[in-house]
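> After the sequence you'll find the predicted model.
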Amino acid sequence: MGDAQNQAIIATADDAVLAKLSCVERGYYDDPFITAMARGASSASGLSTPDLPLRIPLRYSNHSNRVQFSSSGQLRLDKHNWPLSSGSARKIASSVEGRIGGGARMSRFPPASSTEPIIRRGTHARVAAIDQTIRAFLSQATGAEKQVVILGAGRDTIYLRYLFGYLQSYDKNPKQMKESHDDMQIEMVQTESIVKWYEVDHPSVIFEKARSWLPGCIPEGYTYQCTQIIGRDENSTAKSYSIRISEENAGDANGCSSATDRDCYHLIGHDLRLPPSEMFKILSRHGYDSSNPTLFVFECVMMYLPDDISRDLLRFIAISVKESSSPTATNPFVAVVIYDPIPCNDRFGQVMLQNMQKRGIVGKRISRHNRTNESTEDDDNQDSPLSLEKTQTLSDQLAKLIQSGFDIAVGCHMMDAFEHGIVSIEERRQSARCEMLDELEEFVLLMKHYCLVVGVRSCDSDLGDCSSRKDNLAGVQLCSVGEKSPVGFKEGYCTVVRKYD
């Protein structure tokens, strides 16, 4: 894959954060960290946000167009309010390109403010679906420790929202959908179980996130500690970090001083096109345990990987789960959630692919030198289509998981997710309250070209099929359908595929 194509894919992290920033500005959902995380992000058109100083969000209200900042510490500046400008809406045809990459094309105004309503509503549904799947996993997984691995994390703020209580369900979290205009103090939420949180992305992205983006997101009264972890067999250019965010008066005992601190937040610099064994080797240095229940999150990430490499990665994830040696431990499982476009082999899908080609992401021969870190002249003569080109329907996505070794997979297109249970009634009402949506037919068409898929593997491949065992109930339940589905999949509005069907 050439440098230009690499950069085009890496840049989609900016598209995604700008689309989410636009949603937060309009009040679709609460994320007091997104403005700081989006600092310096550029849209697909090459325009960027204003070059804001590094600032720390202290109080936030989703009914205000301003975020208040406060100073405290080395990286923090004086209080400052940034009034957000509004941009004019664009037609759906001119925004499809940005939507595929997770963002939107931007005008001369601050990019997030110029995203059109149809893109904001789709982005909000994307955030709501991923949030709900993570909540479902955390509620179903038993045991003292759980793990979440965000692949292709980019400028994602989901760990910060989890840490400070913005990822809770609507009926339990007073921060979300807050009707008061009063400022709100950001406070860390205490949890009974330990959740190890890992984010994996290209080393250049992880370096920027650890050193530049994250420090600007830390609320007043909390400290940010970043420790680089280098393995003995790792070259000096590799980037992986253990992060500790703690209250300022917590003392040195809470510092993140080693890779074995089990409740640290970890940033892993790794090109996902490299052999997955290399990624798991780095994860293990950061305390990753294959015997703990684990969720891998692919949010608009699988689409950019060469199809054969994406299958290798899924197979490695499926066989990675191991039985615990502890006699009191419950049987582990590994789950994946995939949010991706599905071109569906129709005209609209063709437009999606054409727009990706304009951005230099698909439609070219991709060299496979990344698997060996060596390139040859013959590499350019090898076809390696992206997953987006090969996995064009919901059925393709489900079959891919089963073929990769997962016991069960369930999925639906995003219009069904939006209307039938995964996106909650309150979230849909909030979308409607935020702004009118005139392009209803276009919205339905767009949403039917995206899908949410969940797959579960309940045991090591050497142990055979154990998905029916009672101690695997938590993993299997994640893919259940009906009123008791923790994710929200409904009968008649999703498809289920099992390994032995």
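That came through, no problem.

> lowest-confidence helix or strand of this protein?
When each helix and strand of the chain is scored by mean pLDDT, DSSP states H and E, strand 68-69 comes last, with a mean of 28.

> correct me, but F443 touches R121?
Yes. Between F443 and R121 there is a contact under C-beta atoms under 8 Å: 6.4 Å. C-beta here means a position set from N, CA and C on the backbone, and glycine is covered the same way.

> Between those two, which has more neighbouring residues?
R121 (24 against 20; other C-beta atoms under 10 Å).

> nearest spatial neighbour of that one, skipping sequence neighbours?
The shortest distance from R121 to any non-neighbouring residue, by C-beta to C-beta, 6 or more residues apart in numbering, is to S431 (5.3 Å).

> any idea of the pLDDT on that neighbour?
Looking at S431, its pLDDT is 94.

> number of nearby residues for the closest residue to A125 other than its chain neighbours?
With sequence-adjacent residues excluded and distances taken as C-beta to C-beta, 6+ apart, A125 is closest to F418, at 4.9 Å. The number of residues packed near F418 is 26, by other C-beta under 10 Å.

> sec struct for F418, please.
helix (DSSP: H, G, I helix; E, B strand; the rest coil).

> now G482
The local conformation at G482, judged by three-state DSSP, is coil.

> What is the burial count for it?
Residues near G482, counting by other C-beta under 10 Å: 9.

> Confirm that S242 lies within a strand, as I assumed.
Yes. Assessed by three-state DSSP, S242 belongs to a strand.

> Am I right that it is in contact with H286?
Yes. Assessed by C-beta under 8 Å, S242 is found in contact with H286 at 6.3 Å.

> give the contact list for G154.
12-14, 16-17, 201, 205, 209 (C-beta atoms under 8 Å, 6 or more residues apart in numbering).

> Lowest pLDDT pick from those residues?
Across those, the smallest pLDDT goes to T12, namely 77.

> D156 versus that one, what's the distance?
12 Å (C-beta to C-beta, to the nearest Å).

> ok, now A432?
Here the criterion is C-beta to C-beta. By it, A432 lies 26 Å from D156.

> Those two - which one has more neighbours?
D156 (22 against 11).

> which residues in the stretch 401-501 of the chain form helices?
Using DSSP state H, counting those that start in this stretch, the helices found in the stretch 401-501 of the chain span residues 414-419, 425-434, 440-447, 473-477.

> In terms of secondary structure, what does the first one contact?
What that stands for is helix 414-419. helix 117-140, helix 440-447, strand 450-457 (3 or more C-beta pairs under 8 Å, 6 or more residues apart in numbering; DSSP states H and E).

> any chance of those in JSON lines, with distance to G405 too?
Formatted as JSON lines, the helices and strands packed on helix 414-419 follow (distance: least, C-beta to C-beta, whole Å):
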{"stretch": "helix 117-140", "distance to G405": "19"}
{"stretch": "helix 440-447", "distance to G405": "30"}
{"stretch": "strand 450-457", "distance to G405": "6"}
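
> Reformat these into TSV and put mean pLDDT and distance to D30 next to each item.
Below are the helices and strands packed on helix 414-419 laid out as TSV (pLDDT from 0 to 100; distance: least, C-beta to C-beta, whole Å):
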stretch	mean pLDDT	distance to D30
helix 117-140	95	11
helix 440-447	94	23
strand 450-457	97	22
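
> Brilliant, that's me finished.
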